[in-house]
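Novice: Output the structure for:
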Amino acid sequence: MLDEALAQTAAAFDALADSAPPRLEAREFGRVLDVGNGVARVGGVAGVRSQELLRMNGGVLGIAFNLDPGEVGVILLGDHPSLAAGSPVRRTGRVVDTPVGLGLLGRVLDATGRPLDGKGPVAAEDRWPVERQAPAIMDRAPVSVPLATGLKVVDAMVPIGRGQRELILGDRQTGKTTLALEAILNQRPDDVIGVYCAVGQRTAAVARVVEDLRRHGALDRCIVVVASGDDPAGLQFITPYAATTMAEYFVERGRDVLVVYDDLTHHAQAYRELSLLLRRPPGREAFPGDIFYIHSRLLERATRLREDLGGGSLTALPIAETEAGNLSAYIPTNLISITDGQVYLSPDHFQKGLLPAVDVGRSVSRVGGKAQLPAYRAVTGELRLAYAQFEELETFARFGTRLDDATRQALERGRRVREVLKQDQYRPLP
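Specialist: As a prediction, the model looks like this:
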(Lines give C-alpha, C1' and ligand atoms only; values in the text may rest on other atoms or scores of the structure.)
Protein backbone atom coordinates (compact mmCIF):
# COMPACT_ATOMS: atom_id res chain seq x y z
CA MET A 1 0.00 0.00 0.00
CA LEU A 2 2.82 2.40 0.94
CA ASP A 3 4.78 1.59 -2.22
CA GLU A 4 1.70 2.24 -4.35
CA ALA A 5 1.11 5.63 -2.68
CA LEU A 6 4.73 6.63 -3.18
CA ALA A 7 4.55 5.60 -6.84
CA GLN A 8 1.39 7.69 -7.37
CA THR A 9 3.02 10.69 -5.67
CA ALA A 10 6.16 10.37 -7.80
CA ALA A 11 4.04 10.09 -10.95
CA ALA A 12 2.13 13.24 -9.98
CA PHE A 13 5.37 15.13 -9.48
CA ASP A 14 6.66 13.92 -12.87
CA ALA A 15 3.46 15.00 -14.60
CA LEU A 16 3.66 18.43 -12.95
CA ALA A 17 7.29 18.85 -13.97
CA ASP A 18 6.48 17.92 -17.56
CA SER A 19 3.58 20.39 -17.70
CA ALA A 20 5.75 23.32 -16.51
CA PRO A 21 9.12 23.02 -18.20
CA PRO A 22 11.86 25.28 -16.81
CA ARG A 23 12.70 28.41 -18.74
CA LEU A 24 15.50 30.91 -18.54
CA GLU A 25 14.74 34.34 -17.12
CA ALA A 26 17.08 37.31 -17.13
CA ARG A 27 17.31 39.08 -13.77
CA GLU A 28 19.30 42.21 -13.08
CA PHE A 29 21.13 42.43 -9.76
CA GLY A 30 23.10 45.21 -8.15
CA ARG A 31 24.79 46.07 -4.86
CA VAL A 32 24.09 48.53 -2.09
CA LEU A 33 26.83 51.16 -2.04
CA ASP A 34 25.74 52.75 1.24
CA VAL A 35 22.60 52.89 3.35
CA GLY A 36 21.29 55.01 6.20
CA ASN A 37 18.50 57.33 7.39
CA GLY A 38 15.85 55.72 5.20
CA VAL A 39 17.69 56.03 1.87
CA ALA A 40 20.30 53.97 0.02
CA ARG A 41 22.63 54.35 -2.94
CA VAL A 42 22.66 51.37 -5.28
CA GLY A 43 24.97 50.48 -8.15
CA GLY A 44 24.85 47.89 -10.92
CA VAL A 45 21.17 48.11 -11.94
CA ALA A 46 21.65 50.04 -15.16
CA GLY A 47 18.22 49.18 -16.57
CA VAL A 48 16.19 50.31 -13.59
CA ARG A 49 13.33 52.74 -14.26
CA SER A 50 12.06 55.70 -12.30
CA GLN A 51 9.71 54.73 -9.42
CA GLU A 52 10.50 51.01 -9.89
CA LEU A 53 10.51 48.75 -6.83
CA LEU A 54 13.80 47.16 -5.80
CA ARG A 55 14.03 44.20 -3.42
CA MET A 56 16.86 44.02 -0.88
CA ASN A 57 18.01 41.88 2.04
CA GLY A 58 15.33 40.91 4.55
CA GLY A 59 12.57 41.55 2.02
CA VAL A 60 13.01 45.31 2.31
CA LEU A 61 11.54 47.19 -0.65
CA GLY A 62 12.84 50.46 -2.04
CA ILE A 63 11.72 52.92 -4.73
CA ALA A 64 14.18 54.06 -7.39
CA PHE A 65 14.05 57.82 -6.89
CA ASN A 66 17.24 59.39 -8.26
CA LEU A 67 18.60 57.99 -11.53
CA ASP A 68 22.15 59.34 -11.49
CA PRO A 69 25.09 58.27 -13.69
CA GLY A 70 26.66 55.21 -12.10
CA GLU A 71 24.22 54.90 -9.16
CA VAL A 72 20.57 54.99 -8.17
CA GLY A 73 19.16 56.86 -5.15
CA VAL A 74 16.60 54.64 -3.43
CA ILE A 75 13.85 55.48 -0.91
CA LEU A 76 13.55 52.61 1.57
CA LEU A 77 10.09 51.44 2.69
CA GLY A 78 11.42 49.48 5.65
CA ASP A 79 14.53 48.41 7.54
CA HIS A 80 16.35 45.17 8.36
CA PRO A 81 19.55 44.43 10.33
CA SER A 82 21.08 42.54 7.38
CA LEU A 83 20.72 45.53 5.04
CA ALA A 84 24.20 47.03 4.67
CA ALA A 85 26.76 48.11 2.08
CA GLY A 86 27.46 45.23 -0.29
CA SER A 87 24.01 43.65 0.11
CA PRO A 88 22.44 42.38 -3.13
CA VAL A 89 19.66 44.32 -4.83
CA ARG A 90 17.21 42.86 -7.35
CA ARG A 91 14.86 44.63 -9.76
CA THR A 92 11.19 43.65 -9.54
CA GLY A 93 9.99 45.23 -12.79
CA ARG A 94 6.93 46.82 -11.14
CA VAL A 95 6.05 50.05 -9.41
CA VAL A 96 4.93 50.30 -5.79
CA ASP A 97 1.32 49.17 -5.40
CA THR A 98 -1.28 48.74 -2.68
CA PRO A 99 -4.21 46.35 -2.09
CA VAL A 100 -7.75 47.41 -3.00
CA GLY A 101 -11.19 45.87 -2.48
CA LEU A 102 -14.13 45.51 -0.14
CA GLY A 103 -12.01 43.41 2.22
CA LEU A 104 -10.16 46.54 3.34
CA LEU A 105 -13.22 48.02 5.06
CA GLY A 106 -12.86 47.92 8.83
CA ARG A 107 -9.11 47.30 8.67
CA VAL A 108 -6.05 49.22 9.86
CA LEU A 109 -3.05 48.77 7.55
CA ASP A 110 -0.01 50.48 6.11
CA ALA A 111 0.53 51.68 2.55
CA THR A 112 1.93 48.33 1.36
CA GLY A 113 -1.07 46.39 2.71
CA ARG A 114 0.56 45.04 5.87
CA PRO A 115 -2.17 44.69 8.55
CA LEU A 116 -1.64 46.63 11.79
CA ASP A 117 -4.77 45.55 13.67
CA GLY A 118 -3.87 41.92 14.46
CA LYS A 119 -6.82 40.54 12.45
CA GLY A 120 -4.78 38.49 9.99
CA PRO A 121 -4.05 39.04 6.29
CA VAL A 122 -6.00 41.62 4.31
CA ALA A 123 -8.51 40.11 1.86
CA ALA A 124 -7.62 42.18 -1.20
CA GLU A 125 -9.31 41.78 -4.57
CA ASP A 126 -6.44 43.32 -6.53
CA ARG A 127 -3.35 45.50 -6.22
CA TRP A 128 -3.26 48.92 -7.92
CA PRO A 129 -0.33 51.35 -8.30
CA VAL A 130 -0.24 54.02 -5.60
CA GLU A 131 0.45 56.69 -8.25
CA ARG A 132 -2.48 56.90 -10.70
CA GLN A 133 -3.54 59.44 -13.28
CA ALA A 134 -6.10 61.99 -12.09
CA PRO A 135 -9.43 61.95 -13.98
CA ALA A 136 -9.52 64.08 -17.10
CA ILE A 137 -11.41 67.39 -17.04
CA MET A 138 -14.12 66.08 -19.35
CA ASP A 139 -14.70 63.07 -17.06
CA ARG A 140 -15.62 65.32 -14.13
CA ALA A 141 -19.04 66.57 -13.08
CA PRO A 142 -19.85 69.79 -11.19
CA VAL A 143 -19.91 69.65 -7.40
CA SER A 144 -23.64 69.80 -6.68
CA VAL A 145 -24.33 67.29 -3.88
CA PRO A 146 -23.69 68.42 -0.28
CA LEU A 147 -21.43 66.48 2.07
CA ALA A 148 -22.93 67.25 5.47
CA THR A 149 -20.39 67.25 8.31
CA GLY A 150 -22.98 67.58 11.08
CA LEU A 151 -21.19 70.70 12.35
CA LYS A 152 -23.49 73.71 12.26
CA VAL A 153 -20.75 76.28 11.73
CA VAL A 154 -19.30 74.35 8.76
CA ASP A 155 -22.52 73.29 7.04
CA ALA A 156 -24.03 76.76 7.40
CA MET A 157 -21.09 79.02 6.55
CA VAL A 158 -18.30 76.92 4.98
CA PRO A 159 -20.26 74.14 3.23
CA ILE A 160 -18.51 71.22 1.57
CA GLY A 161 -19.72 69.36 -1.53
CA ARG A 162 -18.97 65.83 -2.68
CA GLY A 163 -15.90 65.89 -4.88
CA GLN A 164 -14.48 69.03 -3.25
CA ARG A 165 -11.03 69.55 -1.70
CA GLU A 166 -11.38 71.53 1.52
CA LEU A 167 -8.25 72.28 3.55
CA ILE A 168 -8.42 72.14 7.35
CA LEU A 169 -5.65 74.15 8.96
CA GLY A 170 -4.74 75.59 12.32
CA ASP A 171 -2.20 75.42 15.12
CA ARG A 172 -1.53 72.29 17.14
CA GLN A 173 -4.31 71.09 19.46
CA THR A 174 -7.09 73.22 17.97
CA GLY A 175 -9.37 70.36 16.90
CA LYS A 176 -8.36 69.72 13.27
CA THR A 177 -8.51 65.92 13.52
CA THR A 178 -11.74 66.08 15.53
CA LEU A 179 -13.42 68.20 12.85
CA ALA A 180 -12.42 65.71 10.13
CA LEU A 181 -13.59 62.75 12.25
CA GLU A 182 -16.93 64.48 12.82
CA ALA A 183 -17.36 64.58 9.04
CA ILE A 184 -16.64 60.83 8.76
CA LEU A 185 -18.95 59.90 11.63
CA ASN A 186 -21.83 61.98 10.25
CA GLN A 187 -22.06 59.99 7.00
CA ARG A 188 -24.77 57.35 6.62
CA PRO A 189 -23.45 53.76 6.61
CA ASP A 190 -24.83 53.00 3.14
CA ASP A 191 -23.83 56.34 1.67
CA VAL A 192 -20.24 57.55 2.07
CA ILE A 193 -17.15 55.43 2.76
CA GLY A 194 -14.46 56.97 4.97
CA VAL A 195 -10.68 56.67 4.54
CA TYR A 196 -8.55 58.07 7.36
CA CYS A 197 -4.89 58.48 6.37
CA ALA A 198 -2.47 59.21 9.23
CA VAL A 199 0.99 60.49 8.25
CA GLY A 200 3.65 61.13 10.87
CA GLN A 201 1.19 60.98 13.79
CA ARG A 202 1.91 59.46 17.18
CA THR A 203 0.83 55.84 17.53
CA ALA A 204 -1.27 56.70 20.58
CA ALA A 205 -3.13 59.42 18.67
CA VAL A 206 -3.93 57.01 15.81
CA ALA A 207 -5.11 54.37 18.28
CA ARG A 208 -7.44 56.96 19.82
CA VAL A 209 -8.90 57.77 16.39
CA VAL A 210 -9.46 54.08 15.63
CA GLU A 211 -11.16 53.60 18.99
CA ASP A 212 -13.44 56.60 18.37
CA LEU A 213 -14.43 55.17 14.99
CA ARG A 214 -15.13 51.78 16.56
CA ARG A 215 -17.09 53.20 19.49
CA HIS A 216 -19.39 55.16 17.18
CA GLY A 217 -19.94 52.21 14.84
CA ALA A 218 -18.14 53.77 11.87
CA LEU A 219 -15.06 51.54 11.60
CA ASP A 220 -16.83 48.89 9.49
CA ARG A 221 -17.29 51.42 6.66
CA CYS A 222 -13.84 52.98 7.01
CA ILE A 223 -10.27 52.18 6.04
CA VAL A 224 -7.45 53.43 8.27
CA VAL A 225 -4.06 53.78 6.55
CA VAL A 226 -1.20 54.54 8.91
CA ALA A 227 2.41 55.67 8.64
CA SER A 228 3.39 56.74 12.15
CA GLY A 229 6.20 59.10 13.03
CA ASP A 230 8.40 56.08 13.81
CA ASP A 231 8.07 54.62 10.29
CA PRO A 232 10.62 55.34 7.56
CA ALA A 233 10.17 58.62 5.73
CA GLY A 234 9.68 56.71 2.47
CA LEU A 235 6.63 54.92 3.86
CA GLN A 236 5.24 58.24 5.10
CA PHE A 237 5.73 59.70 1.62
CA ILE A 238 3.73 57.04 -0.28
CA THR A 239 0.95 56.63 2.32
CA PRO A 240 -1.41 59.44 1.10
CA TYR A 241 -1.14 58.15 -2.48
CA ALA A 242 -1.89 54.60 -1.34
CA ALA A 243 -4.93 55.79 0.65
CA THR A 244 -6.21 57.63 -2.44
CA THR A 245 -5.81 54.50 -4.57
CA MET A 246 -7.82 52.48 -2.04
CA ALA A 247 -10.54 55.12 -2.22
CA GLU A 248 -10.54 55.20 -6.03
CA TYR A 249 -11.51 51.53 -6.12
CA PHE A 250 -14.90 52.50 -4.65
CA VAL A 251 -15.18 55.72 -6.67
CA GLU A 252 -14.89 53.78 -9.94
CA ARG A 253 -17.79 51.62 -8.74
CA GLY A 254 -20.07 54.63 -8.28
CA ARG A 255 -19.58 55.11 -4.52
CA ASP A 256 -18.92 58.35 -2.64
CA VAL A 257 -15.74 58.41 -0.56
CA LEU A 258 -14.39 60.89 1.99
CA VAL A 259 -10.60 60.87 2.49
CA VAL A 260 -8.89 62.65 5.41
CA TYR A 261 -5.13 63.29 5.11
CA ASP A 262 -3.78 63.86 8.63
CA ASP A 263 -1.58 65.66 7.93
CA LEU A 264 0.19 66.95 4.83
CA THR A 265 2.62 69.10 6.83
CA HIS A 266 4.30 65.93 8.11
CA HIS A 267 4.09 64.51 4.59
CA ALA A 268 5.97 67.52 3.21
CA GLN A 269 8.58 67.24 5.95
CA ALA A 270 9.13 63.55 5.15
CA TYR A 271 9.60 64.42 1.46
CA ARG A 272 12.00 67.23 2.37
CA GLU A 273 14.03 64.79 4.48
CA LEU A 274 14.26 62.27 1.64
CA SER A 275 15.16 64.94 -0.92
CA LEU A 276 17.93 66.43 1.19
CA LEU A 277 19.40 63.01 2.00
CA LEU A 278 19.43 62.20 -1.73
CA ARG A 279 21.09 65.59 -2.36
CA ARG A 280 18.34 67.23 -4.35
CA PRO A 281 18.72 71.02 -4.46
CA PRO A 282 16.87 72.73 -1.59
CA GLY A 283 14.62 75.73 -2.16
CA ARG A 284 12.49 77.86 0.14
CA GLU A 285 12.67 76.65 3.76
CA ALA A 286 14.87 73.79 2.44
CA PHE A 287 11.88 72.19 0.69
CA PRO A 288 12.63 70.83 -2.81
CA GLY A 289 11.29 72.68 -5.82
CA ASP A 290 8.64 70.07 -6.62
CA ILE A 291 6.93 70.15 -3.20
CA PHE A 292 3.94 71.87 -4.82
CA TYR A 293 3.73 69.16 -7.46
CA ILE A 294 3.69 66.22 -5.03
CA HIS A 295 0.63 67.68 -3.27
CA SER A 296 -1.15 68.87 -6.40
CA ARG A 297 -0.91 65.48 -8.10
CA LEU A 298 -2.37 63.95 -4.95
CA LEU A 299 -5.28 66.34 -4.47
CA GLU A 300 -6.13 66.55 -8.18
CA ARG A 301 -7.37 62.96 -7.87
CA ALA A 302 -10.30 64.21 -5.76
CA THR A 303 -13.33 64.84 -7.95
CA ARG A 304 -16.88 63.86 -8.84
CA LEU A 305 -17.25 61.70 -11.94
CA ARG A 306 -19.91 62.08 -14.62
CA GLU A 307 -23.03 59.94 -14.31
CA ASP A 308 -22.13 57.84 -17.35
CA LEU A 309 -18.85 56.97 -15.59
CA GLY A 310 -20.66 55.84 -12.43
CA GLY A 311 -21.16 59.18 -10.70
CA GLY A 312 -18.81 58.34 -7.82
CA SER A 313 -16.98 61.05 -5.92
CA LEU A 314 -13.83 61.44 -3.87
CA THR A 315 -13.93 64.29 -1.35
CA ALA A 316 -10.58 65.26 0.17
CA LEU A 317 -10.09 66.91 3.57
CA PRO A 318 -6.34 67.54 3.82
CA ILE A 319 -5.08 68.82 7.16
CA ALA A 320 -2.16 71.23 7.54
CA GLU A 321 -0.54 72.60 10.68
CA THR A 322 0.29 76.28 11.16
CA GLU A 323 2.65 77.89 13.66
CA ALA A 324 1.36 80.84 15.66
CA GLY A 325 -1.54 81.20 13.24
CA ASN A 326 0.74 81.93 10.29
CA LEU A 327 -1.39 81.18 7.23
CA SER A 328 1.27 82.62 4.92
CA ALA A 329 3.85 79.90 5.68
CA TYR A 330 5.14 77.94 2.70
CA ILE A 331 3.21 74.64 2.94
CA PRO A 332 -0.15 76.17 4.04
CA THR A 333 -0.07 78.68 1.16
CA ASN A 334 0.82 75.91 -1.29
CA LEU A 335 -2.14 73.85 -0.12
CA ILE A 336 -4.51 76.84 -0.07
CA SER A 337 -3.70 77.44 -3.75
CA ILE A 338 -4.38 73.79 -4.62
CA THR A 339 -7.62 73.26 -2.69
CA ASP A 340 -11.15 74.68 -3.16
CA GLY A 341 -11.24 76.52 0.16
CA GLN A 342 -10.10 76.22 3.75
CA VAL A 343 -11.51 75.88 7.25
CA TYR A 344 -9.24 77.75 9.66
CA LEU A 345 -9.31 76.78 13.34
CA SER A 346 -8.26 79.66 15.57
CA PRO A 347 -6.25 79.02 18.76
CA ASP A 348 -7.92 82.11 20.31
CA HIS A 349 -11.37 80.63 19.75
CA PHE A 350 -10.17 77.32 21.17
CA GLN A 351 -8.80 78.92 24.33
CA LYS A 352 -12.09 80.79 24.84
CA GLY A 353 -14.05 77.55 24.60
CA LEU A 354 -15.73 78.47 21.30
CA LEU A 355 -15.84 74.94 19.89
CA PRO A 356 -15.56 74.05 17.07
CA ALA A 357 -12.92 76.78 16.91
CA VAL A 358 -13.70 77.80 13.31
CA ASP A 359 -12.63 81.33 12.40
CA VAL A 360 -15.42 82.29 10.00
CA GLY A 361 -13.64 85.38 8.71
CA ARG A 362 -10.62 83.39 7.51
CA SER A 363 -12.53 80.35 6.27
CA VAL A 364 -13.99 80.02 2.81
CA SER A 365 -15.57 77.41 0.55
CA ARG A 366 -15.22 78.20 -3.14
CA VAL A 367 -17.47 75.36 -4.31
CA GLY A 368 -19.64 73.99 -1.52
CA GLY A 369 -22.15 76.84 -1.53
CA LYS A 370 -23.43 75.54 -4.84
CA ALA A 371 -24.03 72.17 -3.19
CA GLN A 372 -26.15 73.52 -0.32
CA LEU A 373 -29.82 72.64 -0.30
CA PRO A 374 -31.84 75.66 -1.56
CA ALA A 375 -33.89 75.96 1.64
CA TYR A 376 -30.75 75.76 3.76
CA ARG A 377 -28.98 78.35 1.63
CA ALA A 378 -31.97 80.68 1.94
CA VAL A 379 -31.69 80.58 5.74
CA THR A 380 -27.90 80.89 6.01
CA GLY A 381 -27.16 83.06 2.95
CA GLU A 382 -26.25 86.26 4.81
CA LEU A 383 -25.15 84.58 8.03
CA ARG A 384 -21.46 84.23 7.21
CA LEU A 385 -20.97 87.90 6.31
CA ALA A 386 -23.02 89.10 9.30
CA TYR A 387 -21.12 86.85 11.71
CA ALA A 388 -17.71 87.92 10.38
CA GLN A 389 -18.75 91.58 10.77
CA PHE A 390 -19.90 90.85 14.32
CA GLU A 391 -16.48 89.46 15.26
CA GLU A 392 -14.78 92.60 13.92
CA LEU A 393 -17.31 94.83 15.70
CA GLU A 394 -16.85 92.97 18.98
CA THR A 395 -13.12 93.64 18.85
CA PHE A 396 -13.65 97.41 18.60
CA ALA A 397 -16.41 97.38 21.23
CA ARG A 398 -13.91 96.19 23.85
CA PHE A 399 -12.30 99.62 23.93
CA GLY A 400 -15.26 100.85 25.95
CA THR A 401 -16.57 103.35 23.42
CA ARG A 402 -20.19 104.48 23.60
CA LEU A 403 -22.38 102.37 21.33
CA ASP A 404 -25.65 103.30 19.66
CA ASP A 405 -28.71 101.07 19.81
CA ALA A 406 -28.18 99.49 16.38
CA THR A 407 -24.62 98.49 17.26
CA ARG A 408 -25.70 97.01 20.60
CA GLN A 409 -28.40 95.01 18.84
CA ALA A 410 -25.89 93.72 16.28
CA LEU A 411 -23.54 92.65 19.08
CA GLU A 412 -26.33 90.94 20.99
CA ARG A 413 -27.50 89.08 17.90
CA GLY A 414 -23.92 88.03 17.08
CA ARG A 415 -23.39 86.66 20.60
CA ARG A 416 -26.60 84.66 20.35
CA VAL A 417 -25.59 83.25 16.97
CA ARG A 418 -22.20 82.29 18.42
CA GLU A 419 -23.88 80.39 21.26
CA VAL A 420 -26.09 78.58 18.76
CA LEU A 421 -23.06 77.55 16.70
CA LYS A 422 -21.29 75.97 19.68
CA GLN A 423 -21.39 72.19 19.53
CA ASP A 424 -20.14 69.34 21.71
CA GLN A 425 -17.69 66.78 20.35
CA TYR A 426 -19.23 63.90 18.38
CA ARG A 427 -22.74 65.36 18.64
CA PRO A 428 -23.56 65.97 14.95
CA LEU A 429 -26.68 67.81 13.89
CA PRO A 430 -28.56 65.96 11.12
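Novice: domain assignment for the chain?
Specialist: 28-95, 98-372, 378-421 (the TED database).
Novice: Tell me which of these is the most buried.
Specialist: domain 98-372 (a mean of 20; mean count of other Cβ atoms under 10 Å). Any C-beta I mention is one placed from the backbone N, CA and C, and that applies to glycine too.
Novice: on that earlier part again, tabulate the domains of the chain (TSV), appending distance to residue 430 and mean pLDDT.
Specialist: Formatted as TSV, those follow (distance: least, Cβ to Cβ, whole Å; pLDDT from 0 to 100):
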stretch	distance to residue 430	mean pLDDT
domain 28-95	42	91
domain 98-372	7	94
domain 378-421	15	84
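Novice: how about those domains, which one is nearest residue 427?
Specialist: domain 98-372 (8.2 Å; Cβ to Cβ).
Novice: Now the terminal residues of that closest one, how far apart.
Specialist: This stretch, domain 98-372, spans 35 Å end to end (Cα to Cα, to the nearest Å).
Novice: Tell me how far that domain lies from the chain's centre.
Specialist: 4 Å (Cα atoms, centre = their mean, to the nearest Å).
Novice: do stretch 368-388 as well
Specialist: 28 Å.
Novice: picking that back up, now for the domains of the chain, which one comes closest to residue 12?
Specialist: domain 98-372 (28.7 Å).
Novice: For the closest residue to residue 222 other than its chain neighbours, give me its contacts.
Specialist: Spatial nearest neighbour of residue 222, excluding adjacent residues (Cβ to Cβ, 6 or more residues apart in numbering): residue 194 at 4.1 Å. Going by Cβ atoms under 8 Å, 6 or more residues apart in numbering, residue 194 touches 184, 187, 213, 218, 221-223, 257-260.
Novice: Dump the domains of the chain into TSV; add distance to residue 16 as well.
Specialist: As requested, the domains of the chain are exported to TSV (distance: least, Cβ to Cβ, whole Å):
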stretch	distance to residue 16
domain 28-95	26
domain 98-372	27
domain 378-421	70
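Novice: Kindly tell me how buried residue 24 is, as a neighbour count.
Specialist: Residue 24 sits with 4 neighbouring residues when counted by other Cβ atoms under 10 Å.
Novice: could we number from 28 for the rest of this?
Specialist: Renumbered: residue one is now 28, and that last one reads residue 51.
Novice: residue boundaries of the strands in the stretch 128-277 of the chain?
Specialist: With strands called from DSSP state E, counting those that start in this stretch, the stretch 128-277 of the chain shows them at 135-136, 153-156, 194-197, 219-226, 249-254.
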